[in-house]
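S.K.: what follows is a predicted protein model with its sequence.
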Amino acid sequence: MKIYRFTRRQLLPITVEKAWEFLSDPRNLKLITPEYMGFQILNEEETEMYAGQIIQYIVTPVLGIPTKWVTEITQVKDKRYFVDEQRFGPYSLWHHKHFIKEVKGGVEMIDIIDYKIPLGFIGRIMNPILVKPKLEEIFRFRKEKLEKLFGILIK
């Protein structure tokens, strides 16, 4: 069983409070997801994020095929981190840690995703060909969108 790790860091010139307010609201995921993915939340809640929260989505990541994805927010530490885990969806395992911390001039956001692809050997072949490049593309889009929303990148 091969488990992959994908990590991305981003610096933004905003406060921890502003970063947390934006990142901990699942409704903002649509803003920072490429439009072609057809991202749609099926069960919007207008509450603060909490451990045990279930979020259902439809996404179209590959070949225009809509996929239902259900995640659970398993851990929340106010203004520091939260963790979402897939309960139903395209991966055999999806464990996504979102960290934010104050740094000089703003905040550093760190995403750490541990994931496993189904289909055994075929899944292992698909990671470098399709899955990892797709994650890189999504997070590149996310980085650019967040920079536009919150100002230029801290250098």
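M.R.: The structure has been received and is ready for your questions. Numbers count the residues shown, from 1 in each chain.
S.K.: got a pLDDT number for the one residue sitting closest to the centre of the chain?
M.R.: The centroid of the chain falls nearest to His96 when counting by Cα atoms, centre = their mean (6.8 Å). In this prediction, His96 carries a pLDDT score of 98.
S.K.: tell me where the chain has strands.
M.R.: Ranges of strands within the chain are 4-12, 40-41, 54-59, 67-77, 81-88, 93-103, 106-116, based on DSSP state E.
S.K.: now do the fifth one against strand 67-77: the angle between them, please.
M.R.: To tie it back to what came earlier, the one meant is strand 81-88. On the basis of axes from the mean of the first three to the mean of the last three Cα atoms, to 10 degrees, strand 81-88 is oriented at 150 degrees to strand 67-77.
S.K.: what's strand 81-88 in contact with?
M.R.: For strand 81-88, contacts defined as Cβ atoms under 8 Å, 6 or more residues apart in numbering pick out 24, 49, 54-55, 68-76, 93-100. Glycine gets a C-beta too; all of them are placed from N, C-alpha and C.
S.K.: at 6 Å what do you get?
M.R.: With Cβ atoms under 6 Å, 6 or more residues apart in numbering as the test, strand 81-88 has contacts from 70-76, 94-99.
S.K.: tell me the one of those residues nearest Lys132?
M.R.: The shortest gap between Lys132 and any of the contacts of strand 81-88 belongs to Trp94, at 13.8 Å (Cβ to Cβ).
S.K.: for Thr71, see how far away that closest one is.
M.R.: Distance of Trp94 to Thr71, given as Cβ to Cβ, to the nearest Å: 7 Å.
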